[in-house]
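**Q** what follows is a predicted structure for the sequence shown.
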Amino acid sequence: MKKTRAKQYRHAPAFTLLFLAREKHYGQSMLNTLNTELPCFKTDSAVVYRNFQELEDNGLVKSFWETEKTGTPRKWYEITKKGLEKLAEYKTDIEKRKKNFEYFLKLYDKLTSEK
């Protein structure tokens, strides 16, 4: 079964908001966090920046440029109040999905142990 890109990254906005609730990030730092902290999720910078743009367009994050430190200016992102509210919605949705997945696994284990 072929996995589409949309399905592969459908939870990226939820995880992006989750990590932004913990601390602000710029693109590369979010990419590193997603790829190191999530056991079953590998992504690329295009997905990170697309997520940042969509979240910002929807008022869930805000960005600012850091230009005072030495080196290349960085565009930082932080979660907004609206983003925290959306994060709570994601939590509720994930809890419901988790119950369905747990039911699936329990029934699958039952079926396979009977054979």
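**A** Sure, I can see it.
**Q** just checking, which helix or strand succeeds the lowest-mean-pLDDT helix or strand in the chain along the chain?
**A** Among the helices and strands of the chain, helix 5-8 carries the lowest confidence by mean pLDDT, DSSP states H and E, at a mean of 60. Downstream of helix 5-8, the first helix or strand assigned by DSSP states H and E is helix 12-22.
**Q** just checking, residue 84 touches residue 21?
**A** Yes - using CB atoms under 8 Å, residue 84 is in contact with residue 21, at 6.5 Å. Using the backbone N, CA and C atoms, a C-beta is placed for each residue, glycine as well.
**Q** what residues are up against the residue positioned nearest the centre of the chain?
**A** The residue lying closest to the centre of the chain (CA atoms, centre = their mean) is residue 15, at 2.2 Å. Residues counted as contacts of residue 15 (CB atoms under 8 Å, 6 or more residues apart in numbering) are 34, 38, 41.
**Q** and which of those residues is nearest residue 67?
**A** residue 34 (25.5 Å; CB to CB).
**Q** have a look at the chain and report its longest helix.
**A** helix 81-113 (DSSP state H).
**Q** check the offset of stretch 24-36 from the chain's centre.
**A** 10 Å (CA atoms, centre = their mean, to the nearest Å).
**Q** against residue 63, how distant is the residue nearest to the centre of the chain?
**A** Distance of residue 15 to residue 63, given as CB to CB, to the nearest Å: 18 Å.
**Q** one step back: list the buried residues for the longest helix of the chain?
**A** 83, 86-87 (16 or more other CB atoms under 10 Å).
**Q** okay if I get those as TSV plus distance to residue 54 and pLDDT?
**A** Below are the buried residues of helix 81-113 laid out as TSV (distance: CB to CB, whole Å; pLDDT from 0 to 100):
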residue	distance to residue 54	pLDDT
83	12	98
86	12	98
87	15	98
